[in-house]
Structures are given as C-alpha cells and as structure tokens.
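**Q** model this:
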Amino acid sequence: MAATSSTAPAIDFDGIFSQYTGNAIVDRLLYVADHARDVGVVTEALRHAKRALEGRVDAFSLKPTTSNGCAYERAMAIAKKREVDASVVGFTKAWLEENARRADGELDKLESGLTDLLTERVKENLRMQYVELGDHYYDRGELKKALECYMRTRDYCSTPKHVVFMCLSVVSVSLEMGNFAHVNVHANKATAALQNMDEDASVRTDQAKLACACGIAALRMGRFREAAIKFTEINVEIGTHYANVCAARDVATYGTLCALASFNREELRDLVLNNQKGAFRAHLETASDIREVVNDFYNSKYTSCFATLDGMREALTLDIHLGAHIDALYKRIRDRALIQYVEPYVTVDLCVMAQAFNTTAEEVQDELARLIEEDKIRAKIDASECTLHALKENPRVKVVEQVIADGERFETETRAALLKMSLLKNDVVSRPEHDGARSRRSLDE
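**A** From the prediction side, this is the model:
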C-alpha cells in the first residue's frame, strides 16, 4: 500500500453526499479511494462508497443513492488494490448478486414495454421508454448501453425541448466515459435548439449546464483558457440543478484556477471579479477561500495567495476533474504571478521578490531563469548583485528594424513587378490548353 502521509487531506465526505447526486457521489468517493495516500482516507472513502451504493439512512427511510453494480465491483477492486481489509469496509458478493437480480428484473420489464410500444409506433411513448431504459442502464453503471438508449431518442424528438433533454443526457454520460469530443458536439446541438426556444428560467439553467459541461471537458483536455471562458459564462441559475455532474462550489474552484492560469489582469477584473460585467462573481460567494485566492492574486499579495493555494492542494489533488491537472495549473499560476510581479520594473531585487513569494532568492532566480529561457520574460539576471534587469526595447532600434523590413518588402515587390512587365512585353504568358501550340511558338520566337 502507498505510504501514509503525515497530514491527511481534509475531505468533506458529508459535503460530497449533500452537494452531488447519483453516480457523481460514488465516482468522486472512488477517485479519492484510488488516489489518496493516507490509509485512513482510503478506508473512509470506501466506507462511504459502500454507504452510497448499498443504502443510506435519511430522515424517512433506508435507500440507495444508486444501484451501480459496476461501481460496486470497481470499489471491491480498489479495496483489494489498496490492501484494505474487506471486513473493515464490508463489501460482499452477496449484495452484488442480489442487486444484479433486481436490476435484471427491472430491465426485463422495460424491454418488454419497449417491444409493445414498437408495435404502436407512438413517438412520444417510444421516446420516454428509451429514456427510462437509458436511465436504468446509467443507474447500474453500464454507460455505453445508456448512451445508446439516449441516442436512440433522437429519432423520436418532436420539439426543441426534447432535443435539449437528449443532448444533456448524452453529455452527462459522455463526461463519465471521458468522451470529451462527444460532449462538445452535443452541447453545440443543444445550444442551437435553445436558440429556438423562448428564454425563461429553464432555458437559462440548461445554458448553464451546457457551459459547465463544456468547461469540464476543456479542463480535462488541458485547455485551461477555454475552460476558464466557459466557467465564467455560467449564470447563477445553475444552483443545484447539475448536481449529477458538479456543484456550485466546483464552478467557482475550476473557473478560478483556470482563470488564474490563463487570464491577464484585465480579464481577471472583467470576467472574474466584476459584478457588473461578469456573472462569475456570484459563484465566488459560495467559496470564500477561492474568493480570497483570486483577490490576493489580483492585488499582488502573493504570500497569502500561495499559502492558501498550498493548503488546498492536497484536497484538490483528490478531485475527480482537477486531480490530473493540478500540478500543471499550479505551475502556470505561479509562472503568471512571477511574470506579473516583474513586468512593471526595470530592476528587481530578487531578495525582496523572494520574500513576496515566501521562498529563497536562489529558488526565485532558478524560476526566473527558466522563464527567460522560455522567452516568457525579456530580462537578464545579475547573480552577483542578486538582481533582475529588464531588457527594454530601444525605440530607435525598433524603427530601424521596421524601415529595413519595409525596404526589403518594397524591393521584393518591385522585382516581382518588373519581372511581370518583362514577361508581358515578351508575350511569355500562360494561355488555355487549347492554345498551347501558339504559346510554344511564342516562346520559340
């Protein structure tokens, strides 16, 4: 088993149950169990996954969050992989077999109903039956079959609202399957259908869902700027309506980190922090720590900004969507902060800069040297004086270079014009194929 870390990440398991629904709960718990370094966190995540799959107690009854047999098998495999004692977690093959029998019984009823409806050929009834069949497969974790059923409803859609529902179902399943190109295709179809509908609260909610799905897809593909733009477009109406995919806090977290990694100061101000121009500020109210991070970054308070980010890092590494990209995001955010810090100055004292970033002058020097090599900063480092000197462009040199470039372009264009005139004067021109013989005679002469 992986070594136990000295400090276990603070995973809010109760928050996962309260913020998400259906497969999203189990998928996030299993991701934590599969990637956490701390043994206690792994065990706790598996216990909660069992609770979600087998049944959880609420104020009225004992009911399962989902009957996902595929996820149950995956949880058992993770427990074996992480060497967690089966008796401690409590997974049993008996529950798996019983769940499969119950699910197969429901499937037989749905397929029998579909067979009867196929003889009637009533479009709306067939559409709803395929939706129910897709929901059943989705609930039991058979995503490929669920996707096929949702796609079949396309032939029976008779209104734009039906098309949007079909596309949102396909998008949700495609996100879980990791088919992100599919997400964008159907999000575009749904967006086109929404344009033919009168705008109301439901339309705005669907627009927010589509922007959220596209943002997650872009994030998972490493397109951080595209993801940031999508997340900052999400209106506040999304609320808890997309809990089967992400929570309102996720919108704030994903959008902020992607924006810090890719936006300049003006874009941060207009799209993230501005209440009037952007809708994203409302999402930041659901995540006070994230709001502090972006405010500190914008106000150049890098010590507190990166202290907060470092405190969140372990928990963010266990997020199902951010986990694989957190190192790249943090690196880009730090690079952008370093660039933003030195940009206004001609000379920078690296010892003072190191204090601002809560590190040593040697480490800052190494980071700046890398940025200079990558041509992200135009400067040179005086190691003996521990200073950075910006290389400002001489306006006279720039004018001379522009004049030389214009002169070379003028010379090239003039030579081309003279050549064309000479060819025309000597009747050396391109003619149609039927006049080829005449052209050859002209060349011979």
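
**Q** Convert the C-alpha atoms of stretch 254-265 to CSV, please.
**A** What follows is stretch 254-265, C-alpha atoms only, in CSV (Å, rounded to 0.1, in the frame of the first residue of the first chain):
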residue,chain,number,x,y,z
TYR,A,254,-12.5,25.2,-11.5
GLY,A,255,-13.2,28.6,-13.0
THR,A,256,-10.9,30.4,-10.7
LEU,A,257,-7.9,28.1,-11.1
CYS,A,258,-8.2,28.0,-14.9
ALA,A,259,-8.6,31.8,-15.0
LEU,A,260,-5.5,32.4,-12.8
ALA,A,261,-3.5,30.1,-15.1
SER,A,262,-4.6,31.8,-18.3
PHE,A,263,-6.2,35.3,-17.9
ASN,A,264,-4.3,38.6,-17.8
ARG,A,265,-5.2,41.2,-15.2
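
**Q** Please spell out which residues along that stretch are buried.
**A** By 16 or more other CB atoms under 10 Å, the buried positions in stretch 254-265 come out as 254, 255, 256, 257, 258, 259, 260, 261, 262, 263. In this view, the C-beta of every residue, glycine as well, is placed from N, C-alpha and C.

**Q** need the contact list for the closest residue to residue 166 other than its chain neighbours.
**A** Among residues not flanking residue 166 along the chain, residue 153 sits closest, at 4.9 Å (CB to CB, 6 or more residues apart in numbering). Each residue near residue 153 by CB atoms under 8 Å, 6 or more residues apart in numbering is listed here: 127, 130, 131, 134, 162, 166, 169.

**Q** And the furthest pair within those?
**A** Longest distance between any two of these is 13.6 Å, between 134 and 162; criterion CB to CB.

**Q** which stretches of the stretch 51-200 of the chain have low pLDDT?
**A** Residues of the stretch 51-200 of the chain that meet the criterion pLDDT under 70 lie in 55-66, 119.

**Q** Pipe the buried residues of stretch 254-265 into TSV and attach secondary structure, pLDDT and distance to residue 365 per row.
**A** Formatted as TSV, these follow (DSSP: H, G, I helix; E, B strand; the rest coil; pLDDT from 0 to 100; distance: CB to CB, whole Å):
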residue	secondary structure	pLDDT	distance to residue 365
254	helix	94	33
255	helix	92	33
256	helix	93	29
257	helix	95	27
258	helix	95	29
259	helix	94	28
260	helix	94	23
261	helix	94	23
262	helix	93	26
263	coil	92	27
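
**Q** Which single one of those is nearest to residue 86?
**A** residue 254 (35.2 Å).

**Q** measure that closest one to residue 215 for me?
**A** 7 Å (CB to CB, to the nearest Å).

**Q** Any of the contacts of residue 153 buried? List them.
**A** 127, 130, 131, 134, 162, 166, 169.
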